[in-house]
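Trainee: The following block contains a protein sequence and its predicted model.
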Amino acid sequence: VKRVIPFVCAPGDAEAGDWLEALRCAMPDENVALLAALDAPARATCTVAIVANPRPEDLRTLPRLRWVHSVWAGVERLVNDLPDAAFDIVRLVDPRLTDTMAEAVLAWTLFLHRDMPQYARQQAARQWHALAYRSAQDTTVGLLGLGALGEAAAARLVGAGFKVCGWSRHARSLPDVTTYSGLEALPDVLRVSNILVCLLPLTAETRGLLDAAMLAHLPVGASLINFARGPIVDEGALREALDTSHIRHAVLDVFDVEPLPSQRWEWAHPNVTVLPHISAPTDRDTASSIVAAHIRRYREDGTIPPCVDRVRGY
Ligand SMILES: NC(=O)c1ccc[n+]([C@@H]2O[C@H](COP(=O)([O-])OP(=O)(O)OC[C@H]3O[C@@H](n4cnc5c(N)ncnc54)[C@H](OP(=O)(O)O)[C@@H]3O)[C@@H](O)[C@H]2O)c1
């Protein structure tokens, strides 16, 4: 009997079939199957599963599970929903996704830096008016999170000529980036950031981190890009900062509720750009190859790739 690897996704996931096909193609020696297709004896043999937004109760039907490989980069739901689960969580770290995110950070930083929201408003009013130009060299981008995504974004911004500051939990050193670490240093980063980019994971420590008191450290007229997770930014505090023009513009790709409900204020706010969680989508083919390589190694010598630290939360 071929050992089976369940693919566990949310019920009704429209992409389940495409994932199954890509995963089977990337690991022809393995038997990858939808969880629903497996009976209890088959489930009892599984020590590894591949997951995409699984329901916690589905994972509890796999009694011998040692680890799960997520096909997403952010795994806060897995960590929160199954705090006492015995298995390890491996998240996707994919150079393709990293590159896509770095591109998104550069694209939307330039959108803000070159005043595109204001020029769009002026065009709508048939107004011919040149705004003062400020060079990239005179603009500081503050990056919150210097992990896989933050580090690559920093390099792209440095390459585009911006001054870049970065913030992480542990002290990090990156070429041409002024780095800060620890909560006590966050106000220092905010104070110098003309454009603030959030690439932090959502954890107990980062939930609500950018509240009214923190946002108040930003210079008047600063902008915000949130490509991480919605609840890191206090939504009420952000609205207030936008309404008072302390924050000039916010580009939001992530929200506490997704899809963003139609009655939410963000849709209609003149100083908000709403994006439907598209800054860095997983590439199904590269992700499947990475998962396949990790599972091949595990079959060879039992090695489980670096896992999420459940206490840290990322
Ligand atoms: N919008 C999208 O399409 C999209 C796509 C992919 C990912 N994401 C989000 O992006 C997040 C980051 O991804 P990643 O791969 O870069 O994660 P990562 O490699 O785990 O890096 C996380 C970074 O955040 C820092 N950090 C964590 N907690 C902190 C805290 N309390 N204070 C200060 N710094 C803290 C870490 O500090 P240390 O370096 O000191 O550990 C690290 O630099 C993911 O968790 C996910 O939610 C969004």
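Mentor: Done, it's in.
Trainee: from the stretch 1-150 of the chain, which residue is nearest to the ligand?
Mentor: Nearest to the ligand, among the residues of the stretch 1-150 of the chain, is G147, at 1.7 Å (Cβ to the nearest ligand atom). The way it works is simple: take the backbone N, C-alpha and C, and place the C-beta from them, glycine included.
Trainee: Is that residue in contact with L199, as I believe?
Mentor: Yes. Look at G147 against L199 with Cβ atoms under 8 Å: they come within range, at 7.2 Å.
Trainee: Which one of those two is surrounded by more residues?
Mentor: Using other Cβ atoms under 10 Å as the criterion, G147 and L199 rank with L199 on top: 29 against 17.
Trainee: can you tell me which residues contact that one?
Mentor: By Cβ atoms under 8 Å, 6 or more residues apart in numbering, the contact set of L199 is M101, V105, L143, L144, G145, G147, L149, G150, A153, F227, A228.
Trainee: Get me the contact residues on the stretch 101-250 of the chain for the ligand.
Mentor: Contact residues (Cβ under 6 Å from any ligand atom) of the stretch 101-250 of the chain with the ligand: 101, 145-150, 167-170, 172, 199-203, 205-206, 227-229.
Trainee: For the chain, which segments count as strands?
Mentor: Counting by DSSP state E, the chain has strands at residues 4-9, 31-34, 48-52, 67-70, 88-90, 140-144, 163-168, 177-181, 195-198, 222-226, 247-252, 272-274.
Trainee: okay, those in CSV with mean neighbour count, distance to P259 and mean pLDDT next?
Mentor: Below are the strands of the chain laid out as CSV (neighbours: other Cβ atoms under 10 Å; distance: least, Cβ to Cβ, whole Å; pLDDT from 0 to 100):
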stretch, mean neighbour count, distance to P259, mean pLDDT
strand 4-9, 23, 18, 97
strand 31-34, 17, 25, 97
strand 48-52, 23, 17, 98
strand 67-70, 22, 21, 98
strand 88-90, 19, 25, 97
strand 140-144, 26, 25, 99
strand 163-168, 24, 30, 98
strand 177-181, 18, 34, 98
strand 195-198, 27, 20, 99
strand 222-226, 25, 16, 99
strand 247-252, 23, 13, 98
strand 272-274, 18, 10, 98
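Trainee: Could you count how many residues lie near P219?
Mentor: 15.
Trainee: surely it meets L196?
Mentor: No. P219 is beyond contact range of L196, at 10.0 Å (criterion: Cβ under 8 Å).
Trainee: And for stretch 266-278, what's in contact with it?
Mentor: Taking Cβ under 8 Å, 6+ apart as the rule, stretch 266-278 contacts 108, 111, 117, 121, 239, 242, 245, 247-255, 258-260.
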